[in-house]
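In: when you get a sec, could you give me coordinates for this:
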Amino acid sequence: IGGVPSWVVPTFLILVLALLVRHATRSSAPIRVPAVAAILAMLAAVTLVQWLPLPGLRGLLAPGLEAEVTDALEGAMVSSPPGLSVTRSDTALELCRLVGLTGLVVATAQMSWRIPAAAVATVATVVALTGFVHEFAGTDAIYGLYQPVDSFPSPALRGTFVNPNHQSGLLLLGIFCAGAGVHDLRAARARTTDGDRHQRYGDWLVAAVGALFVLVPALLLSLSRSAILALLLFGPVATWMVLRDQSRRRSRSRRGGSTPRIIVGLALLMVVLVVSQHGAWSELKTLGDLSQEEPKLQMVTKGLGFIGLSPVLGVGRGAFIGDAARTEIKEGASA
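Out: Numbers count the residues shown, from 1 in each chain. As a prediction, the model looks like this:
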């Protein structure tokens with residue numbers, strides 16, 4: 001979650017720890033550790049190395065960046081802290097967040113995948129509906145009460161997040177989780193012979209389809225180019241995988257249910273085409289528009305020049321801000 005107070009991270013850690021303890025005490029089975037947890041653990045280990053006050057490490061791995069940091073801090077009469085991190089408190093916060101995410105992945109691995117998928121889809125739908133209510137009420141304040149002061153005016157859909165890009169990540173995950181739920185519930189509904197379960201699966205299926213019809217327009221209205229591009233690239237791949245799986249399961253006695261699927265698919269496609277006219281296609285076109293003053297592709301090209309400062313570790317997007325600020329300071333001093 002982006003744009004939250006620092007106390008949210010330790011609260012998150014406490015909740016994850018409680019979830020892990022609950023699984024450990026309520027089940028005699030060994031705790032399953034998924035392979036993806038190793039990736040998060042590796043990232044946490046790298047962040048730990050960044051946080052450790054190891055003298056000379058930054059100068060060894062990033063000599064150019066070390067000179068820049070020393071030069072920037074010299075005027076403020078502040079010495080450069082040892083280690084890779086310039087602000088160790090921020091790095092410690094990121095380390096805690098990675099540890100919490102690793103624990104969350106391990107905790108959810110003890111459950112059926114349907115539980116976290118349903119949770120993500122539900123939360124994303126609530127966030128999207130909140131954005132639609134804001135749009136209907138004509139307010140740019142979150143819940144009509146909280147007015148963001150650090151965000152720029154944007155035509156993007158205002159949900160519960162200050163940054164629309166953070167929100168679009170949740171909406172994108174929600175779309176794929178809801179889509180997985182639709183596919184799974186259809187298969188479960190076709191397998192069951194119990195009337196009550198058949199009806200219950202049908203109700204959940206309607207809810208999952210409804211979530212898609214809420215989440216897809218919300219994602220397009222978020223105007224997040226990366227999220228929309230990810231949906232356009234991986235949405236067809238996911239659809240192809242679902243259709244391939246359905247063709248393997250389908251028997252001759254159960255071929256008659258394709259018409260509703262076609263209608264729902266066409267309706268969702270029409271929603272995408274109509275909603276995309278409200279800025280989504282225009283935003284995607286800007287990715288390749290080199291005539292802009294600050295296009296994204298030109299920023300990436302400029303970033304190549306910073307690699308020499310840190311050839312081993314690379315530099316983050318803060319280098320753009322630092323370069324711009326340094327230019328303004330020098331111009332102000334000369335004026």
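
In: all contacts plus neighbour counts: C-alpha atoms, from now on.
Out: OK.

In: quick one: buried residues of stretch 105-115?
Out: 105-110 (16 or more other CA atoms under 10 Å).

In: end to end on that stretch, go ahead and measure it.
Out: End-to-end distance for stretch 105-115: 13 Å, by CA to CA, to the nearest Å.

In: ok, and what's touching it?
Out: Contact partners of stretch 105-115, identified using CA atoms under 8 Å, 6 or more residues apart in numbering, comprise 16, 19-20, 23, 31-34, 36-37, 116, 181.

In: again, but for stretch 28-37
Out: 23-24, 102, 105-106, 109-110.

In: let's go with 7 Å and repeat that
Out: 102, 105-106, 109-110 (CA atoms under 7 Å, 6 or more residues apart in numbering).

In: can you redo those as a markdown table with pLDDT and secondary structure?
Out: As requested, these are arranged in a markdown table below (pLDDT from 0 to 100; DSSP: H, G, I helix; E, B strand; the rest coil):
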| residue | pLDDT | secondary structure |
| --- | --- | --- |
| Thr102 | 94 | helix |
| Val105 | 93 | helix |
| Val106 | 92 | helix |
| Ala109 | 90 | helix |
| Gln110 | 88 | coil |
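
In: all helices for this structure, in order.
Out: 8-26, 36-51, 57-61, 63-74, 88-109, 114-137, 164-191, 195-221, 225-249, 258-276, 280-285, 296-303, 318-334 (DSSP state H).

In: a markdown table for those helices, including distance to Ser310?
Out: Below are the helices of the chain laid out as a markdown table (distance: least, CA to CA, whole Å):
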| stretch | distance to Ser310 |
| --- | --- |
| helix 8-26 | 29 |
| helix 36-51 | 14 |
| helix 57-61 | 7 |
| helix 63-74 | 6 |
| helix 88-109 | 18 |
| helix 114-137 | 37 |
| helix 164-191 | 27 |
| helix 195-221 | 36 |
| helix 225-249 | 26 |
| helix 258-276 | 40 |
| helix 280-285 | 31 |
| helix 296-303 | 12 |
| helix 318-334 | 11 |
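
In: any regions of the stretch 1-150 of the chain where pLDDT drops low?
Out: Where the stretch 1-150 of the chain drops to pLDDT under 70, the residues are 1-4, 75-78, 149-150.

In: between the helices of the chain, which gets nearest to Val312?
Out: helix 57-61 (6.0 Å; CA to CA).

In: how far does the closest one sit from its chain's centre?
Out: Chain-centre distance of helix 57-61: 31 Å, with CA atoms, centre = their mean, to the nearest Å.

In: please export the C-alpha coordinates of it as CSV.
Out: Extracted in CSV, the C-alpha atoms of helix 57-61 (Å, rounded to 0.1, in the frame of the first residue of the first chain):
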residue,chain,number,x,y,z
LEU,A,57,30.7,-0.6,0.4
ARG,A,58,29.0,2.2,-1.5
GLY,A,59,32.3,3.6,-2.7
LEU,A,60,33.3,0.1,-3.9
LEU,A,61,30.2,-0.7,-5.8
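
In: name the residues of it that are buried.
Out: Buried residues in helix 57-61, counted by 16+ other CA under 10 Å: 57-59, 61.

In: contacts for it, please.
Out: With CA under 7 Å, 6+ apart, helix 57-61 has contacts from 66, 83-84, 310, 312.

In: hmm, try it at 8 Å
Out: 65-66, 82-84, 310-313.

In: tell me the one of those residues nearest Gln167?
Out: Leu313 (28.6 Å).

In: just checking, the closest one touches Gly64?
Out: No - under the criterion of CA atoms under 8 Å, Leu313 makes no contact with Gly64, lying 11.7 Å away.

In: what about these two, which has more around it?
Out: Gly64 (17 against 12; other CA atoms under 10 Å).

In: show me what contacts the closest residue to that one other than its chain neighbours?
Out: Once flanking residues are discounted, Gly64 sits nearest to Leu309: 4.2 Å by CA to CA, 6 or more residues apart in numbering. By CA under 8 Å, 6+ apart, the contact list for Leu309 reads 62-65, 315.

In: if you set the cut-off to 10 Å instead, what comes out?
Out: Going by CA atoms under 10 Å, 6 or more residues apart in numbering, Leu309 touches 61-68, 315.

In: now do Leu219
Out: 128, 156-157, 164-165, 167-172, 174-175, 225, 227-228, 231, 272, 275-276, 280.

In: redo that, cut-off 7 Å
Out: 168, 171-172.
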